[in-house]
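Undergrad: here's a sequence, model it:
(chains A and B)
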Amino acid sequence: MANMNMVQALNSAMDIMLERDPRVVVLGEDVGYFGGVFRCTEGLQRKYGEQRVLDTPIAEGGIVAAAIGMGVNGLKPVAEIQFADYIYPAFDQIVSELARLRYRTAGEFSAPVTIRTPCGGGIRGGQTHSQSPEGVFTHVCGIKVVMPSNPYDAKGLLISSIEDEDPVVFFEPKRLYNGPFDGDPHKPAVPWSAHPRGAVPDGYYKVSLSKAEVVRPGKDVTILAYGTMVHVAEAAVRLAKVDAEIIDVRALAPLDTDTLCSSVCKTGRCVIVHEATRYSGFGAELAATVQEECFWRLEAPVTRVTGWDTPYPHAFEWEYFPGPARIADALARVMEDK
Amino acid sequence: MAQRSRLHVPHPPARPGEKPDFSYVTLTPAGAVARPDAKAPVREVENLGRDLVRVLDDNGRAVGPWNPHLEPEELQVALRHMLLTRLFDDRMQRMQRQGRISFYMKSTGEEAVSVAQGMALQPGDMLFPSYRNQGLFIVRGRSLVDLMCQCLSNTRDMCRGRQMPIMYHWGAGNIFSISGNLATQFPQAVGWAMAAAIKGEDHIAAAWIGEGASAEADFHHGMTFAAVYRAPVILNIVNNQWAISTFQGFAGGERRTFAEYGPGYGIPGVRVDGNDFLAVYGVTRWAAERARQSGGPTLIEHVTYRAGAHSTSDDPSRYRPKEEWTAWPLGDPVARLKQHLIALGEWSEERHAALEKQLEAQVVASWKEAASFGTLTEGPTLDPTTMFDDVFHEMPPHLARQREELKRLADMQPAKGSGEEQSLDSHPAVAKEG
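TA: A predicted model of the protein is given here:
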């Protein structure tokens, strides 16, 4: 067991999989010699060589397409897209090819590609370094979508993703790389070493790609969150002084409906939180699922707290970001409904 | 036994601690490349993609057929623009280090590209810059205060706080919006040029990307459309050798030049000394003449060197020798134009020092004025509810509701601006580079 931040945990997952499985290769912009712009692949090229840890040309479509070809030819590629905001040139390869290969060939061809990509705001990245496009990918049939909220899960989920036979888009909330950010930019940064989930086993272990986790048990209201918002929700609960049950959704597609809905059926109230924009966001899928499964137990309308439906504005990061105050406000309103 | 294939992995000639080696950069003596007629067929000018068009020789003399023969006054203006660009960059980098702006990208070492091309084109020509073309804005006369206010995301910001620093635009100056995503502007410039041809107008378009970004599909879309429709456009690849940590070999530069892409598409490719103001000017004039005479597009590769870091989030000492810039065989574009003017008897060290001092003062005064409209840490600040404007031409009801919600919540939000905030600078790199 060691203290790891999320970058180290992800690095450890790739290190272990490169060691265990000769089919695993890592590719992406600046991931080789330099070790990645966020350092997630640091040291891997030195250890496993240039035939297995590859710097690539700047071409996201090319990276994903090449990963598909490698996957079809027996490798297990782990592709990094430097920022989720840069994933769109690869969209056709992901949606029309990667996601459907197994289906359209009745199982004869498939490509077990993992696409890692940093997402989310809070680092003054403006509209091209802050997006959370997970909802764009959960809408695609045939790919799994995952977003960890802590180093322990990040490592276990990444190992599971690499081993999975299906393609996985693995979103890494970059605001969580160095510590469990709770939504208040004025407080000193807290390191992962101060958080229980910063304790990460050195060796191999897996976290399921289809299980949500109850991170705070409670009885008044259920908060469904993932990524950075898990920690922001914890701060909001302290602020609102309600006994909320916080669920880290973790696996967005496929979804652990049982864990989510049994909690909402228990509490009768549900607040959904994500940083991504609201309109047709992943929260809409969560709300619909909750409504279908828990309608007769609901005491109040299911509520969403999300990023506004605008691009992420550079100057107004904290007005845009659905911080603890906004979530607490929603909790209070949900609790008012009798 | 037959030899098995192995993946070829490009290696830069030198890594940190090793001696810089630019022997891979093939040079042609100044004045040695013939200047063909601007309407010459592509097949007759294929040498231009392999040779290196140069005008300034090692002694600062202008030689050969690509010399645009500019008046000394024009050269002095050019030197002024280049020097101002450099001083502006230096100042903004320092302001980022002091936490006054969130991010910055210098164009140091590449000033001749933007300044020469900006001067060689006509004011009505439409420019589609990359993020290292600030010289274009300076040539066209956008005030430093305006550029600084954009970097500050303050109350005078042309982007109204919506873009990261350096993502300028200027409608009235015919300069398109800079995108944080790579190469997108390249085929857009071709479309603009196609529209000019459809409408029967004389103006042409020009676009810039880095050599790294030429790997993006958008580069190839631009080339294909430009070739098919013979669009009146100048397509520029600024080959500054480095795309963050990956050298130009990773964009395909190991076995052919970037200019040589051109003939493959049916477009002339011209490889020019990007640190030679006169050569860049001369080649741009040739390409513009060709475009205006219905000769279609030209691809220009500017051979230059990224003297600074990719951005304020980057540390190049991790992947390239620290002294590489001083070993760069094509020198410093500012020093070379200065040397030329001195050789002409039209400039002196004293005048240069005086100009530098004057421009420094201009930059400092501009900063002071810009900062009075707000900085990251000090007001005045923009009204946050303006973030809902301009998503659409008319605000739809759901955005109007969200704007009201933000107003209601305003009192509950933590105040903005604090030294504790994590900025892009906490990360080793942010935007990519080509």
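
Undergrad: was I right to think B:V272 contacts B:Y281?
TA: No: the criterion here is CB atoms under 8 Å, and B:V272 misses it with B:Y281 at 9.7 Å. Quick note: C-beta positions are derived from backbone N, CA and C, even for glycine.

Undergrad: more neighbours, the two?
TA: Neighbours were counted for B:V272 and for B:Y281 using other CB atoms under 10 Å in any protein chain shown; B:V272 has more, 32 against 26.

Undergrad: packing partners for the helix or strand hosting that one?
TA: Assessed by DSSP states H and E, B:V272 sits inside strand B:269-273. With contacts taken as 3 or more CB pairs under 8 Å, 6 or more residues apart in numbering or on different chains; DSSP states H and E, strand B:269-273 sits against helix B:261-265, helix B:277-292, strand B:298-303.

Undergrad: let's see it at 10 Å
TA: Here strand B:269-273 touches helix B:111-120, strand B:233-239, helix B:261-265, helix B:277-292, strand B:298-303, going by 3 or more CB pairs under 10 Å, 6 or more residues apart in numbering or on different chains; DSSP states H and E.

Undergrad: chain A: which of these is closest?
TA: Nearest to chain A, of all these, is strand B:233-239, at 12.6 Å by CB to the nearest CB.

Undergrad: and the helix or strand following the closest one, which strands flank it?
TA: Per DSSP H and E, the first helix or strand lying C-terminal to strand B:233-239 is strand B:242-243. In the sheet, strand B:242-243 lines up against strand B:246-247 (antiparallel) (DSSP bridges).

Undergrad: hmm, back to that, now do the shared contacts for B:V272 and B:Y281.
TA: In the contact map built from CB atoms under 10 Å, 6 or more residues apart in numbering or on different chains, the residues linked to both B:V272 and B:Y281 are B:55, B:66, B:112, B:116.

Undergrad: who's in contact with the residue most central in space within chain B?
TA: Centroid-nearest residue in chain B, with CA atoms, centre = their mean: B:N133, separated by 2.8 Å. B:N133 is in contact with B:85, B:107, B:110, B:113-115, B:117-118, B:127, B:139, B:166, B:168, B:175, B:178, B:206-208, B:236, B:238, counting by CB under 10 Å, 6+ apart.

Undergrad: grab the nearest non-local neighbour of the residue in the stretch 101-250 of chain A that chain B sits nearest to.
TA: Here the residue of the stretch 101-250 of chain A nearest chain B is A:T128; by CB to the nearest CB that distance is 2.8 Å. Sequence neighbours aside, B:G180 is the residue nearest to A:T128 in space, at 2.8 Å (criterion: CB to CB, 6 or more residues apart in numbering or on different chains).

Undergrad: hang on, isn't that neighbour packed against B:M167?
TA: Yes: applying CB atoms under 10 Å, one finds B:G180 in contact with B:M167, separated by 6.4 Å.

Undergrad: between those two, which contacts overlap?
TA: Contact criterion CB under 10 Å, 6+ apart; residues shared by B:G180 and B:M167: A:126-128, B:131, B:431.

Undergrad: if we can go back for a sec, in TSV, list the shared contacts of B:V272 and B:Y281 along with distance to B:F186 and neighbour count.
TA: As requested, these are exported to TSV (distance: CB to CB, whole Å; neighbours: other CB atoms under 10 Å in any protein chain shown):
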residue	distance to B:F186	neighbour count
B:V55	27	26
B:W66	25	26
B:A112	21	31
B:A116	20	32
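
Undergrad: farthest-apart pair in these, please.
TA: B:W66 and B:A112 (13.9 Å; CB to CB).

Undergrad: so what sits against both of those two?
TA: Contact criterion CB under 10 Å, 6+ apart; residues shared by B:W66 and B:A112: B:272-273, B:276, B:278-281.

Undergrad: let me have these in CSV, extended by pLDDT.
TA: Below are the shared contacts of B:W66 and B:A112 laid out as CSV (pLDDT from 0 to 100):
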residue, pLDDT
B:V272, 98
B:D273, 98
B:D276, 98
B:L278, 98
B:A279, 98
B:V280, 98
B:Y281, 98
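
Undergrad: what's the ChimeraX line that selects buried ones from those residues?
TA: In ChimeraX, this line selects whichever of the shared contacts of B:W66 and B:A112 come out buried by 16 or more other CB atoms under 10 Å in any protein chain shown:
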select /B:272,273,276,278,279,280,281
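
Undergrad: may I ask which two of the shared contacts of B:W66 and B:A112 are separated the most?
TA: For these, the maximum inter-member distance is 11.4 Å, found between B:D273 and B:Y281 (CB to CB).

Undergrad: intersection of neighbour lists for the two?
TA: Listed as contacting both B:D273 and B:Y281 by CB under 10 Å, 6+ apart are B:55, B:66, B:112.

Undergrad: show me where the chain has helices.
TA: Unless you meant another one, I'm taking chain A. With DSSP state H as the criterion, chain A has helices at A:6-20, A:44-48, A:60-72, A:91-92, A:101-104, A:134-138, A:151-163, A:228-240, A:257-267, A:282-294, A:317-320, A:324-336.

Undergrad: my bad, the chain I had in mind was chain B
TA: B:72-97, B:111-120, B:134-139, B:144-152, B:185-199, B:217-229, B:261-265, B:277-292, B:324-327, B:333-343, B:349-371, B:397-409.

Undergrad: so for A:V31, which of those helices sits nearest?
TA: When the helices of chain B are compared by CB to CB, helix B:217-229 sits nearest A:V31, at 20.3 Å.

Undergrad: tell me the helices and strands packed up against the closest one.
TA: Packing contacts for helix B:217-229, counted by 3+ CB pairs under 10 Å, 6+ apart, involve helix A:60-72, helix B:185-199, strand B:205-210, strand B:233-239, helix B:261-265, strand B:298-303.

Undergrad: so what touches the shortest one?
TA: Counting by CB under 10 Å, 6+ apart, the neighbours of helix B:261-265 from elsewhere in the structure are B:42-43, B:45-46, B:48-50, B:214, B:219-220, B:222-228, B:235, B:237, B:252, B:256, B:267-271, B:297-301.

Undergrad: ok, back up a step: winner for burial among the helices of chain B?
TA: Among the helices of chain B, the stretch with the highest mean neighbour count (mean count of other CB atoms under 10 Å in any protein chain shown) is helix B:111-120, at a mean of 28.

Undergrad: for the helices and strands packed on strand B:269-273, which one sits closest to B:D146?
TA: When the helices and strands packed on strand B:269-273 are compared by CB to CB, helix B:111-120 sits nearest B:D146, at 16.2 Å.

Undergrad: report the inter-axis angle for that closest one versus helix B:277-292.
TA: Interaxial angle of helix B:111-120 relative to helix B:277-292 (axes from the mean of the first three to the mean of the last three CA atoms, to 10 degrees): 40 degrees.

Undergrad: if the nearest residue to A:F170 once chain neighbours are set aside is in a bridge, with which residues?
TA: Distance criterion CB to CB, 6+ apart; nearest residue to A:F170, sequence neighbours excluded, is A:R116 at 4.8 Å. Beta bridges link A:R116 to A:E80, A:F170, judged by DSSP bridges.
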